[in-house]
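# Quick check, what structure comes out for this input:
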Amino acid sequence: MSQAQQLAAALSERRDALAQEAMALQAELVRHTAEADRLEAQVERNRRELAGYLVPDIDDETLGALERRFHYPSLLTNKAAFVAAIAAAEAERAALEADQTFIDREVLRVEAQQTLADVGPSLAEVEATKAPWDTCPRHATLIAAGFYESNPPGGFARKFSFWRQGSFLMAELEKKRVSRFSDLADLRARWQAILADYTALTHAAHDAEETLKQMDGLEARHRHLLAEPADQFKACFEALGRALVDHLLALPEDSLVEFARSDPSLASFLKKDAGLRKQVAYLREIAQVRLQPSIRTLEAEATKADGKASRIFSKLSRGRAVPATTADVQRARSYPRDKWEKRRTSLGKTRERLGGYHDYDRGSFLTTYLWWDVMTHGAHGDDLYEVRTFHERNPGWTPAAFVDPTAVGLTAAETYRDDAASAFADQLMADDPANGLFDAS
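The predicted structure follows:
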């Protein structure tokens, strides 16, 4: 094999290796996204649980106490809208139940069903009689011209047209085994009779069907109105709870500290909310700053290697010389498989550590606390915006040095349990961009 052929083969191998690595990182990106989505759902669940804890009942006394405690004077006002909706539903239900049509609905339903049963055979018979007429184009022409009206339009030309078209129509109908007609007047009278029967029967069927629809609608509305008070009560619970949670999460940190200091359960909910949101944010940012650029670079390099290999094969197939050296072949076959594998392992461990973290009481909802360091035990993360800027503002900060203002009486050592932190940090030191792990190539 010539040097040029070896170079083309090496470039093809490089393309395949780069593409395979890009696919592996793409799979890791999918796992990061799925984990972030899962944790995002837990954020919502935790907030629903917090709402249930904060708002155990929606009686006026409870809501008034919550308004005073959390300085949120909207709960009773918001409740009033639901109370009004319940009252309106109950009033409508009472009016419906007093309506004579609703009272007689079963009788009306039976009558409508009987009408449909009676009309059905007669309507089918009339439709069978009408069908031969409907399939004759001359019949449609005579309808449009007004021939079948009780007082059809006059004039010699019009009467001649009626005579001509009517004669042809009678002949066509007789061929379809419709009984013979004595004259045009007989033709008109017979169609008028058929049309009158058809109209009466279809109207009767339509009215019966509309009655059945009306009864169904009344009963559906009644079921809805019966369920409406309970539905509104549930919606009121959820809306008031979510409104209070949103209000609480928007408060300044010093206010939250005061509330949490006197309510350990509230403090736990707030810490869990903060921790879950940080888990989601870290996973999404890692996907954005570590995975996506690497995937794009690998795909671009794979495309580049493929193009070079294709050009070499094309030239060789045309008998043209392609300059190539052993060094060129070696460079084409030189790609950092070990570094790639180490990067994937590091990414997977970081994802698992972030996704699996659940000891939220060790953290804090304050912005002076860096969840990354406690979740990853201080793994390198300066390529993440929050981690980098936090360390710039707080050089030398560690979770062990943090004093939780909501945990009155606890020391820093009691609020941070360094379980195998150094061992895990050593494992994750490979995340450091300085070691080349997050070079996208």
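# Verify the stated contact: Tyr360 with Leu270.
No. Contact criterion CB atoms under 8 Å: Tyr360 and Leu270 do not qualify, at 9.3 Å. In short, each C-beta sits where N, CA and C put it, glycine included.
# If you count surrounding residues, which of those two has more?
Neighbours per residue (other CB atoms under 10 Å) separate Tyr360 from Leu270, with Leu270 holding more: 25 against 22.
# and the gap between that one and Asp338?
Distance, Leu270 to Asp338, using CB to CB, to the nearest Å: 44 Å.
# His391 too?
Counting by CB to CB, the separation of His391 from Asp338 is 29 Å.
# Kindly report the same for Gly217.
From Gly217 across to Asp338, the span is 71 Å (CB to CB).
# Those two: which is more packed in?
With neighbours defined as other CB under 10 Å, Gly217 and Asp338 compare such that Gly217 has more, 10 against 7.
# Just the buried residues of the helix or strand in which Glu392 is found, please?
Here Glu392, judged by DSSP states H and E, is contained in helix 385-393. Residues 386-387, 390-391 are the ones in helix 385-393 that count as buried (16 or more other CB atoms under 10 Å).
# One more: stretch 40-48?
Going by neighbour count (16+ other CB under 10 Å), the buried part of stretch 40-48 is 40, 42-43, 46-47.
# related to what we said a few turns ago, now for the helix holding Glu392, which elements pack on it?
helix 264-286, helix 371-376 (3 or more CB pairs under 8 Å, 6 or more residues apart in numbering; DSSP states H and E).
# Relative to Pro153, which of the buried residues of helix 385-393 is nearest.
Pro153 lies nearest to Glu386 out of the buried residues of helix 385-393, by CB to CB, at 86.9 Å.
# Enumerate every residue touching the closest one.
281, 285, 370, 372 (CB atoms under 8 Å, 6 or more residues apart in numbering).
# Now tabulate those residues in TSV and tack on distance to Val322, pLDDT and neighbour count.
Converted to TSV, these look like this (distance: CB to CB, whole Å; pLDDT from 0 to 100; neighbours: other CB atoms under 10 Å):
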residue	distance to Val322	pLDDT	neighbour count
Ala281	51	98	19
Glu285	45	97	18
Leu370	55	96	22
Trp372	51	97	22
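# Show me which of the residues you listed is closest to Glu352.
Comparing the contacts of Glu386 against Glu352 with CB to CB places Trp372 closest, at 15.0 Å.
# how much space is there between the closest one and Gly378?
Trp372 is 8 Å from Gly378, by CB to CB.
# so for the helix or strand that contains Ser294, what's the average pLDDT?
Using DSSP H and E, the element containing Ser294 is helix 292-317. Mean pLDDT, computed over helix 292-317, is 94.
# returning to what we had before: let's have the buried residues of helix 385-393 in CSV, adding distance to Val403 and pLDDT.
Output for these, formatted as CSV (distance: CB to CB, whole Å; pLDDT from 0 to 100):
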residue, distance to Val403, pLDDT
Glu386, 21, 96
Val387, 21, 96
Phe390, 17, 96
His391, 19, 94
